[in-house]
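A.B. asks: take a look and give me a structure for this.
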Amino acid sequence: MEKTQPKYIGIAGNIGAGKTTLCSQLAKHFGWEVHYESTDDNPYLSDFYNDMARWSFNLQIYFLHNRYKQILKILNGEKTIVQDRTIYEDAKIFAPNLHEMGLMSKRDFESYEELFSTMISQVQAPDLLIYLKASIPTLVDHIQSRGRDYEGNMSIDYLKRLNRMYESWIKDYKGRLLVINADDLDFANKPEDMGKIISLVQAELHGLF
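C.D. replies: Just a heads-up that it's a prediction; the model follows:
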């Protein structure tokens, strides 16, 4: 009898944690497909970083819809997909943070939460969630090294707030979870570090099926 394969692997982590790199390398090793976060073709991202209050709701709705479409495609397909950031991060971290900072109105945030609640009732959580935990210096180093223009205005305080919300969310996460400390592993440049992560992921997947 053929061994069942996982369908849905989610990679979670703050801006600059290394999600996209990890997605690519895991996909290459395991033969998975990647659903990347839609940053390059996102029509709101640049405007958002220039005027967060004006564009926060538009941006978050775009991400929410895009991520929801990805999950439907994953669950209806036959292949194993690794997803670069999950729908939960949009709804549990980024949107609430914008609301708390006064950058998304109460009315918009409540509408957003209702839409998320409807969407999430129709889908399932990842078979395995991999959380890339990273300190502020690591995040800043990664963000600066990739040199995206629209990230140039991002403040340390903004990253700190997001990190605190990530820690709170992960602490209460109920699904199958693997936490990887991105401060200790340079998986982008050191094959031996990537090998350690692959071993950890294989152990988790073995426990799944």
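A.B. asks: C-alpha only now, for contacts and for neighbours.
C.D. replies: OK.
A.B. asks: the longest helix that the chain contains packs against which elements?
C.D. replies: With DSSP state H setting the assignment, residue counts place helix 52-76 as the longest helix in the chain. On a contact count with 3 or more Cα pairs under 8 Å, 6 or more residues apart in numbering; DSSP states H and E, helix 52-76 meets helix 45-50, helix 87-89, helix 106-120.
A.B. asks: and these: which comes nearest residue 61?
C.D. replies: Between residue 61 and those, the shortest gap by Cα to Cα is with helix 106-120, which sits at 7.2 Å.
A.B. asks: got the angle between that closest one and helix 52-76?
C.D. replies: 10 degrees (axes from the mean of the first three to the mean of the last three Cα atoms, to 10 degrees).
A.B. asks: buried sites along helix 106-120?
C.D. replies: 109, 112, 116 (16 or more other Cα atoms under 10 Å).
A.B. asks: of those residues, closest to residue 66?
C.D. replies: Closest to residue 66, out of all of those and judged by Cα to Cα, is residue 116, at 12.1 Å.
A.B. asks: how about the residue positioned nearest the centre of the chain, nearest residue that isn't a chain neighbour?
C.D. replies: When Cα atoms, centre = their mean is applied to the chain, the residue found nearest the centroid is residue 85 (1.9 Å). Leaving aside its sequence neighbours, residue 85 sits nearest to residue 12 (Cα to Cα, 6 or more residues apart in numbering; 4.9 Å).
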